[in-house]
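Participant: with the sequence up front, the predicted model follows.
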Amino acid sequence: MKEQLRSAPIYGWLLSATPIVGTIAGVAAAFDGGQKVWWPVSRIWARGLLKTAGVDRFVTVGLDTVEDAGPCILMSNHESHLDPPTLMMHFARPLSFLAKVELFKFPIFGWAMKRVGHIPVDRADRDKAFASLDTAAAGVAEGRAVIVFPEGTRSRTDDMLPFKKGGFVLAIKSGAPIIPVGIAGTRAVLPPGFWVQRQGGTVALVVGEPIDTTAYTLETKDALMDLVRSRIMELRQAARDIAGAP
C-alpha cells in the first residue's frame with residue numbers, strides 16, 4: 001500500500017503532463033521538424049517524470065561522445081521504464097527511439113511519437129519490420145541519432161536478455177557507428193512490472209566509445225552483436241559501481 005501511495009505522483013505526472021507535452025511536440029513537428037520546440041519540451045517532460053519518480057541524483061560520464069557525433073545509433077541496457085526519460089533528459093541533441101509498434105497506438109502519445117520521428121517496429125510482421133528499418137536507415141544517414149534497447153524489453157534480473165537483431169540491421173544498413181551505453185540505478189527506483197515505485201536513489205549513465213560498423217554485413221551481424229553486448233556489459237558495471245546498484 002505504501003509503495004502504491006509513493007507511486008501516485010508518477011501516475012499524476014503521466015496523466016496530466018503527457019497529453020499536453022504530446023500535443024505540443026506533435027504540432028511543433030509540423031514546422032521545420034519542430035526540433036527547437038519538441039525536443040526541449042520532451043526533455044522537460046522526462047525531467048519531471050524522473051523527479052516525481054524520486055531519483056535523488058544523477059551521475060553521467062561521456063555525454064559529449066553523443067553530442068559531438070554525427071549519425072549514430074545509441075544502444076543501452078534496459079532495466080526500467082525510467083531508462084528512456086533518463087536518456088532524453090541528458091542529451092541536448094534530439095534523439096529518435098526505435099520502439100515497438102504497440103507504443104504508437106496510445107492516444108496522443110502515439111500520434112506525437114510518429115510526428116516527431118520516432119520509429120515503430122512491428123515484430124509480428126517481418127516485412128513491415130524491415131521496411132521500417134529501411135526508412136530509419138535513410139534518416140540516420142541524413143544525420144539522425146537513434147536510441148535502441150537491443151534487449152527489446154526490460155530485464156527483470158541482473159542478466160541482460162538476448163539481443164534483438166533489428167538495431168544491428170539498422171546500423172549496418174545505415175553505416176552509422178553504434179555508441180554503447182550503460183545505465184544503472186533506474187530499476188532500484190522503478191522496477192519492471194506494475195508501476196510501483198520502490199524508493200529514491202542515484203541513477204548513473206555511462207557512455208562508451210563509438211563502434212565502427214562499416215566492416216560488418218548482414219551475414220556477420222552476430223559478431224557485431226557479441227561485441228556490442230560485451231561493451232554494454234562493461235559500461236553497465238561501471239554505471240553500477242557509480243550508482244551503488246547491485
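Facilitator: Nice, thanks for sending it over.
Participant: nearest residue to the residue most central in space within the chain in space, please, no chain neighbours.
Facilitator: Nearest to the geometric centre of the chain sits residue 84, at 4.0 Å (CA atoms, centre = their mean). Nearest residue to residue 84 in three dimensions, chain neighbours excluded: residue 97, at 6.7 Å (CB to CB, 6 or more residues apart in numbering). (C-beta placed from N, C-alpha, C; glycine too.)
Participant: so who does the one you found touch?
Facilitator: Contact analysis of residue 97 by CB atoms under 8 Å, 6 or more residues apart in numbering lists 84, 113, 118, 119, 146, 147, 148.
Participant: tell me which helix or strand comes right after the lowest-mean-pLDDT helix or strand in the chain.
Facilitator: Every helix and strand of the chain was ranked by mean pLDDT, DSSP states H and E. The lowest is helix 2-28, at a mean of 55. Downstream of helix 2-28, the first helix or strand assigned by DSSP states H and E is helix 35-53.
Participant: convert that next one to CSV, retaining C-alpha atoms only.
Facilitator: Output in CSV follows, covering the C-alpha atoms of helix 35-53 (Å, rounded to 0.1, in the frame of the first residue of the first chain):
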residue,chain,number,x,y,z
GLN,A,35,13.3,20.3,-33.1
LYS,A,36,13.7,23.7,-31.4
VAL,A,37,10.4,23.1,-29.7
TRP,A,38,9.5,19.4,-29.4
TRP,A,39,12.9,18.2,-28.0
PRO,A,40,13.2,20.8,-25.2
VAL,A,41,9.6,20.1,-24.3
SER,A,42,10.2,16.4,-24.3
ARG,A,43,13.2,16.8,-22.0
ILE,A,44,11.1,18.9,-19.6
TRP,A,45,8.6,16.0,-19.5
ALA,A,46,11.4,13.5,-18.9
ARG,A,47,12.9,15.6,-16.1
GLY,A,48,9.5,16.0,-14.5
LEU,A,49,8.9,12.2,-14.6
LEU,A,50,12.3,11.4,-13.1
LYS,A,51,11.8,13.9,-10.3
THR,A,52,8.4,12.6,-9.4
ALA,A,53,9.7,9.1,-9.5
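Participant: could you check how far it is from the centre of its chain?
Facilitator: For helix 35-53, the separation from the chain centroid amounts to 14 Å (computed by CA atoms, centre = their mean, to the nearest Å).
Participant: contact partners of the helix or strand following that helix?
Facilitator: Proceeding N to C from helix 35-53, the next assigned helix or strand is strand 55-61, under DSSP H and E. The contact list for strand 55-61 (CB under 8 Å, 6+ apart) reads 82, 86, 89-90, 185-186, 189, 200-207, 238, 242-243.
Participant: strand 55-61 - what's its average pLDDT?
Facilitator: Averaged across strand 55-61, the pLDDT comes to 93.
Participant: buried ones in that strand?
Facilitator: Burial within strand 55-61, assessed by neighbour count using 16 or more other CB atoms under 10 Å, is assigned to 55, 60.
Participant: restrict whatever helix or strand comes next after that strand to CA atoms and write it as CSV.
Facilitator: Where DSSP H and E defines the elements, the next helix or strand beyond strand 55-61 is helix 64-67. Output of helix 64-67 as CSV, limited to C-alpha atoms (Å, rounded to 0.1, in the frame of the first residue of the first chain):
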residue,chain,number,x,y,z
ASP,A,64,30.0,14.6,-25.2
THR,A,65,30.6,11.5,-27.2
VAL,A,66,27.0,11.6,-28.4
GLU,A,67,26.7,15.3,-28.7
